[in-house]
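Enquirer: give me a model of this one.
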Amino acid sequence: MRTASSGQSRRSSDYSAGPGARRTVLRTADGVPIESVYEPCTASIAPDSGGGQGAVGGTAIVVAHGFTGSVERPAVRRVARVFAQRTAVVTFSFRGHGGSGGRSTVGDREVLDLAAAVEWARSLGHRRVVTVGFSMGGSVALRHAALHRGRTDARTDAVVSVSAPARWYYRGTAPMRRLHWVVTRPAGRLIGRFGLHTRIHHREWDPVPLSPVEAVPLIAPTPLLVVHGDRDPYFPLDHPRMLAAAARTEGVRGAGPAELWLEPGMGHAENAADEALLRRIAEWLTERGRGPAGAEPERPEGAQEEAQVQGPGGG
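Expert: So this is what the prediction gives:
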């Protein structure tokens, strides 16, 4: 991961960042420029830092947005604002989105974008870095956690996937059929570029990347939380249930804790996540990201915790 000065960003910010915020352009392992923003904790004392506002050394949350999102979208800024009330936050635009370079591969090489953002958070001095992804970003967060394990600066200490698919090529709902048309057809990609401000790569996956449900068994012992709304119009509830069930795969060494929250009345991704849910996610991430020494957070009120899978290596 390499950084460029904030002055090299290809577009100016449309929002007002608070004191201590940093804006830069990262370079992924394959050379794609990724616009990124770091914001310190806005609390007078960060709950897990042991120091003052935005104290370096505590937890940082890295946010992976959904398809057609970007660092400057209002929903992403709202997520960052709520998370920053508890700890430092890194947001970024995936390739092909916002002011980042490249073209979207719809969840494949975006793993490199998230890895660069996690490495940047660690380079700023944060001992614990955790990730949360929404929709496409949720699938990326799962695959990133599976593929970047061990003693590497790109690893995550806990991961939350919100409104993510379990498997690729799902066309069982009208919104997903429309999305596939946008991604796979030349006319759809034109609409994506000029109507949705998302530049989509024309090449099909080759090879097909590891699917989210295949990635889940490889995440352990990193703590995992799967969040899904029971009114999600894109992915029905069999998707989060498949992800939770995958954590129970036998024969996986050191299986770690996994939880499933089914949220009553919630729709899809960051646009549907209310501030109460975002605060609960931030609490879960900061507590679980502490590792074995971290306290077990209470089960949040209002969530249907359908499955809690605890393996022999769990805390």
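Enquirer: run through the stretch 201-315 of the chain and note the low-pLDDT ranges.
Expert: Within the stretch 201-315 of the chain, the stretches falling below the threshold (pLDDT under 70) are 249-257, 289, 291-315.
Enquirer: for it, what spans make up the strands?
Expert: Secondary structure of the stretch 201-315 of the chain (DSSP state E, counting those that start in this stretch): strands at 224-229, 258-263, 304-309.
Enquirer: how about the helices in the protein?
Expert: All helices of the chain, identified by DSSP state H, fall at 74-84, 110-123, 136-147, 174-184, 186-194, 212-219, 238-246, 269-272, 275-288.
Enquirer: quick one: residue 25 and residue 32 touch, right?
Expert: No - checked against C-beta atoms under 8 Å, the pair residue 25 and residue 32 is beyond contact range at 10.1 Å. Quick note: C-beta positions are derived from backbone N, CA and C, even for glycine.
Enquirer: and stretch 140-153, how far from the chain's centre?
Expert: Distance of stretch 140-153 from its chain centroid, counting by C-alpha atoms, centre = their mean, to the nearest Å, is 12 Å.
Enquirer: how about stretch 169-184?
Expert: 21 Å.
Enquirer: do stretch 225-233 as well
Expert: On C-alpha atoms, centre = their mean, the centre of stretch 225-233 falls 15 Å from the chain's centre.
Enquirer: again with stretch 142-158
Expert: Distance, stretch centre to chain centre, for stretch 142-158: 12 Å (C-alpha atoms, centre = their mean).
Enquirer: give the buried residues for it.
Expert: The neighbour-count criterion (16 or more other C-beta atoms under 10 Å) identifies 142-149, 154-158 as the buried residues of stretch 142-158.
Enquirer: what's the mean pLDDT across it?
Expert: Average pLDDT, stretch 142-158: 93.
Enquirer: gap between the residue at the greatest distance from the centre of the chain and residue 171?
Expert: The C-alpha centroid of the chain is most remote from residue 187, which lies 28.9 Å away (C-alpha atoms, centre = their mean). According to C-beta to C-beta, to the nearest Å, residue 187 stands 18 Å off from residue 171.
Enquirer: need the strands for the stretch 1-150 of the chain, in chain order.
Expert: 2-4, 22-27, 33-39, 59-64, 88-92, 128-134.
Enquirer: what's the closest of those to residue 274?
Expert: strand 128-134 (13.3 Å; C-beta to C-beta).
Enquirer: elements contacting that closest one?
Expert: The contact analysis (3 or more C-beta pairs under 8 Å, 6 or more residues apart in numbering; DSSP states H and E) places strand 128-134 against strand 59-64, helix 110-123, helix 136-147, strand 159-162, helix 275-288.
Enquirer: between the ones you listed, which one is nearest to residue 39?
Expert: strand 59-64 (9.6 Å).
Enquirer: run through the stretch 1-150 of the chain and note the low-pLDDT ranges.
Expert: For the stretch 1-150 of the chain, the ranges with pLDDT under 70 are 1-18, 44-57.
Enquirer: ok, now with 90
Expert: For the stretch 1-150 of the chain, residues meeting the criterion pLDDT under 90 lie at 1-21, 43-58, 149-150.
Enquirer: how close does the residue nearest the centre of the chain sit to residue 242?
Expert: The residue lying closest to the centre of the chain (C-alpha atoms, centre = their mean) is residue 133, at 2.1 Å. Residue 133 sits 17 Å away from residue 242, going by C-beta to C-beta.
Enquirer: what's the most buried one of the strands of the stretch 1-150 of the chain?
Expert: Ranked by mean neighbour count, the strands of the stretch 1-150 of the chain are led by strand 59-64 with a mean of 30 (mean count of other C-beta atoms under 10 Å).
Enquirer: what number of residues lie near the nearest residue to residue 179 once chain neighbours are set aside?
Expert: Using C-beta to C-beta, 6 or more residues apart in numbering and skipping the chain neighbours, the partner closest in space to residue 179 is residue 67 (7.2 Å). Residue 67 has 25 neighbours, counted by other C-beta atoms under 10 Å.
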